[in-house]
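[1] here is my input, please return the structure:
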Amino acid sequence: MKSRSEYQKSVLPSGLRIVTEQVPSARSVAFGVWIDTGSRDETREVNGITHFIEHMLFKGTKTRNAREIASSLESLGGSLNAFTSREQTCFHAVVLDEHTPQAVDVISDIVMNSTLSPVNLEREKLVVMEEIREVDETPSDLIHDLFSNCFWRGQALGWPIMGSIRNIKSMTRGGLLKHLRNHYRAGRVVISAAGNISHQRLLKLVRGRFEFASGGRGQEKAVSSPDRFLLKSYQKKGNQTHLCIGFPGVSFSSPERNVLLALHAYLGGGMSSVLFQKIREDKGIAYTVYTFPDFYRDGGLLGIYLAADKKKVPSAIDIVLRELRKVKRERLSTDKLFKVKEQIKGNMTLSLESTMSRMSRLARQEIMIGRRISIDESLRAIDRITADDIIEIARRILRHDIMTVTSLGSAHEDEMAAVDWKL
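    Reported below is the predicted structural model:
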């Protein structure tokens, strides 16, 4: 039996792209329609509209109501969902290979034929406003929204994906239709599938179902990375203080992306990372501590998150800053470098056990760089990372003059300002 995966790509005359990775040994198919538009494409007045549209497309089409949409694939043992990020919107399904036609039919129906009825519009406003309130009352989520806005200095890339309650209340059907016309265009759409399906079969299934207006992404202003130190504290009752510390990173297409992933893995990419071990395991200061890299079209960041009792925050910050200074000063040992690279390669390879992960990887690469990066190519790039590469990027980005610090909780801004943040 043929076991290796096979990648293929087609571009339709409209500009719509279709990418597939056939995995004959799989019994599932993951299918996704990706639109290259997210919250960063919004104006301040309609911030949240992309996410709201994603919700609304599940509320009913000309032939299905919301209940029928919800049960369409679940009744077959599959799943149907969607998400909105800062740069993309995705509608996706995972089904048994024999049910691929149903998955394509349902997703094409909700993307192309949603009615956006006034009754559903008003009802879904209530749902999304509750979703926003849930984040506002969950400090570990809210801190990331606050941090993003601080880090990107008020640029659209840092705005909350869900928007504000005020904006949601003002959404209109006409506004949603206008946004769909402007952003759901063929040149911005990638249809991706991975699993036990051939490229030619998928082409036949999608033909005539996705008729988007022509057009793609026009010229736009590149995001500006932070160029000065910024500290912002938000007060919230409770014992814990939630903290994010961030530095400008690299873009999705950067050749240094894997190097930054290695720095992330070493600092806070798991239970064996230096920050987890020293803050949680050795000192018992915090339950949650991790680093997070974000990669966008034209920029990125490396962030650190932790939550601790107000009295323990200074000790936690001291450990973080000490380890950041150390990784800028001392090269990783051969053993540590080997473990970091094996961790990244293992995580990447294991993710390919999931057809959903394969489908998402295909689509993101097509949207962000216009080509597929095979797993072998990725693994070779990781193998080439040296200790010099890691210390070089650490010295370049882990700097006080471009650091952003955001806290949420009982710690006051004057207490945070008293910390020696210099690296």
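[2] CA only for contacts and neighbour counts going forward, please
    OK.
[3] tell me the centre residue of the chain?
    residue 85 (5.7 Å; CA atoms, centre = their mean).
[4] distance check, the nearest residue to that one once chain neighbours are set aside against residue 297.
    Nearest residue to residue 85, sequence neighbours excluded (CA to CA, 6 or more residues apart in numbering): residue 38, at 5.6 Å. According to CA to CA, to the nearest Å, residue 38 stands 12 Å off from residue 297.
[5] residue 217 now?
    12 Å.
[6] the more surrounded of those two?
    Using other CA atoms under 10 Å as the criterion, residue 217 and residue 297 rank with residue 297 on top: 16 against 13.
[7] correct me, but the more buried one touches residue 254?
    No - contact between residue 297 and residue 254 fails when scored by CA atoms under 8 Å: they sit 9.4 Å apart.
[8] the strands in this structure, which residues?
    Using DSSP state E, the strands found in the chain span residues 6-11, 17-22, 28-35, 79-84, 89-96, 189-195, 230-235, 240-248, 286-295, 300-309, 404-409.
[9] got the ones you listed as TSV, with distance to residue 365 and mean pLDDT columns?
    Converted to TSV, the strands of the chain look like this (distance: least, CA to CA, whole Å; pLDDT from 0 to 100):
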stretch	distance to residue 365	mean pLDDT
strand 6-11	12	96
strand 17-22	10	98
strand 28-35	12	98
strand 79-84	17	98
strand 89-96	14	98
strand 189-195	10	98
strand 230-235	33	96
strand 240-248	21	97
strand 286-295	12	97
strand 300-309	16	97
strand 404-409	29	97
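[10] switch the ones you listed over to TSV; also include distance to residue 209.
    As requested, the strands of the chain are exported to TSV (distance: least, CA to CA, whole Å):
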stretch	distance to residue 209
strand 6-11	15
strand 17-22	13
strand 28-35	12
strand 79-84	18
strand 89-96	15
strand 189-195	12
strand 230-235	48
strand 240-248	41
strand 286-295	32
strand 300-309	35
strand 404-409	46
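[11] and among those, the most buried is which?
    Of all those, strand 189-195 has the most neighbours on average by mean count of other CA atoms under 10 Å, namely a mean of 28.
[12] sheet partners, orientation included, of that one?
    Using DSSP bridges, strand 189-195 pairs in its sheet with strand 17-22 (parallel), strand 28-35 (antiparallel).
[13] need those strands in JSON lines (columns: distance to residue 338).
    JSON lines is the format used below for the strands paired with strand 189-195 (distance: least, CA to CA, whole Å):
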{"stretch": "strand 17-22", "distance to residue 338": "30"}
{"stretch": "strand 28-35", "distance to residue 338": "33"}
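[14] out of those, the one nearest residue 397 is which?
    Closest approach to residue 397 among the strands paired with strand 189-195 is made by strand 28-35 (31.2 Å; CA to CA).
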